[in-house]
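# sequence and predicted structure, then a few things I'm wondering about:
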Amino acid sequence: MRLSNSSFIIHPSSLILLPMPPLILVVDDEPKVARLARDYLEKNGYRVLTAGDGQSALTTARREKPDLIVLDLMLPNIDGREVCKILRRESDVPIIMLTALSEEIDQVTGLEIGADDYVTKPFSPRALVARVRALLRRSTGEIKAPSIIRAGGLEIDSEKYKVTFNNTPIHLTPNEFKLLHLLASRPGQTLTREQLLEDLHGAASGIDRSVDSHIKNLRKKLETTSGESMIETVYGIGYRFLNVER
């Protein structure tokens, strides 16, 4: 049976249940590596736990039921291969094997014992986040936003590609519409610039000023019509949609 974390949070302004961000368990006996992976995953909106050896990894996985595990191959007490085998007998939790070994035989072995993907050290933190995101999409599927989203007097119709406030049209560019729809479909959830860039262009980019410009223009149009921008800046991270009730 799948280990999964199904906790929910309540958004206070609208009293709706929102799924908690996915929980990732990072297992590595090198504190710097574990910290680097944790920091980048948290920056991208994930909750993260860490473990420094095989036994701790098993104990934490069984107790916390993470949505995905990043598992180092070389671990004290119980090595990553054995941890992967044990976890695979108990659940189908997605596992990304993290290893300093770059030979093909080690990568194949990791996949054969039940890992879903692998990343070799030294690794790019952005690449690791991309692998985590892709594997979660494959294992759980994307949650499709409703075709019409309503927040107070604001109505976003994704099929008609139309936004209104109290029946007054708000004319948006395609990118402004995409950003508003993405943010409004996850009220109260902070989305990073990287996540927003991926939605706009299909891949994250090191240049994130375009998102800021689109958000600035979007806020102006929302404020002009409704008197509220509804989009809050989370400094150093990204943006979130505030569901203003009227």
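On my side now, so go ahead. Numbering: from 1, shown residues only.
# going forward, measure contacts between C-alpha atoms and count neighbours the same way
Fine.
# immediately after the helix or strand bottoming out on mean pLDDT in the chain, which helix or strand?
Counting by mean pLDDT, DSSP states H and E, the weakest-scoring helix or strand in the chain turns out to be strand 16-19, with a mean of 48. Note on strand 16-19: by DSSP states H and E, the next helix or strand toward the C-terminus is strand 23-27.
# ok now that next one, how far from the chain's centre?
Remark: strand 23-27 is offset 13 Å from the chain centroid, using C-alpha atoms, centre = their mean, to the nearest Å.
# packing partners for the helix or strand containing L182?
Using DSSP H and E, L182 maps to helix 174-184. On a contact count with 3 or more C-alpha pairs under 8 Å, 6 or more residues apart in numbering; DSSP states H and E, helix 174-184 meets helix 193-201, helix 209-226, strand 238-241.
# again, 7 Å this time
Other helices and strands packing on helix 174-184, by 3 or more C-alpha pairs under 7 Å, 6 or more residues apart in numbering; DSSP states H and E, are helix 193-201, strand 238-241.
# wait, L183 sits on L242?
No. L183 sits out of contact with L242 when judged by C-alpha atoms under 7 Å, with a separation of 9.0 Å.
# ok, G188 - how many residues close by?
If you count neighbours by other C-alpha atoms under 10 Å, G188 ends up with 22.
# no wait, I24
26.
# residues in contact with it?
46-49, 66-69 (C-alpha atoms under 7 Å, 6 or more residues apart in numbering).
# could you rerun that using 8 Å?
Listed by C-alpha atoms under 8 Å, 6 or more residues apart in numbering, the contact partners of I24 are 46-49, 66-70.
# kindly present these as a markdown table, with separate columns for pLDDT.
Listed next are these as a markdown table, based on pLDDT from 0 to 100:
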| residue | pLDDT |
| --- | --- |
| Y46 | 90 |
| R47 | 92 |
| V48 | 95 |
| L49 | 96 |
| P66 | 94 |
| D67 | 93 |
| L68 | 95 |
| I69 | 96 |
| V70 | 97 |
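# of these, which is the nearest to K216?
K216 lies nearest to Y46 out of those, by C-alpha to C-alpha, at 25.8 Å.
# contacts only, for that closest one.
Contacts of Y46 by C-alpha under 8 Å, 6+ apart are 21-24.
# if we can go back for a sec, got the buried residues for the helix holding L182?
175-184 (16 or more other C-alpha atoms under 10 Å).
# quick one: contacts of it?
With contact meaning C-alpha under 8 Å, 6+ apart, helix 174-184 is reached by 149, 156, 158, 161, 189, 191, 196, 199-200, 214-215, 217-218, 239-243.
# hmm, try it at 7 Å
Taking C-alpha under 7 Å, 6+ apart as the rule, helix 174-184 contacts 156, 196, 200, 214, 218, 240-241.
# how about the helices in this protein?
Listed in chain order, the helices of the chain (DSSP state H) span 31-43, 54-64, 80-90, 104-112, 125-140, 174-184, 193-201, 209-226.
# run through the protein and note the low-pLDDT ranges.
1-19, 101-110, 140-146, 200-209, 243-246 (pLDDT under 70).
# residue ranges of each domain in it, please.
What automatic domain parsing lists as the domains of the chain is 8-140, 148-241.
# packed most tightly, which of the helices and strands packed on helix 174-184 would that be?
Ranked by mean neighbour count under mean count of other C-alpha atoms under 10 Å, these are led by strand 238-241, which reaches a mean of 22.
# any idea how far S91 is from K221?
Distance, K221 to S91, using C-alpha to C-alpha, to the nearest Å: 48 Å.
# looking at these two, which is more packed in?
Remark: of K221 and S91, K221 carries more neighbours, 18 against 14, as counted by other C-alpha under 10 Å.
# ok so, going back, mind telling me the two of the buried residues of helix 174-184 farthest from one another?
N175 and A184 (14.1 Å).
# and stretch 85-93, what's buried?
Within stretch 85-93, the residues scored as buried using 16+ other C-alpha under 10 Å are 87-88, 92-93.
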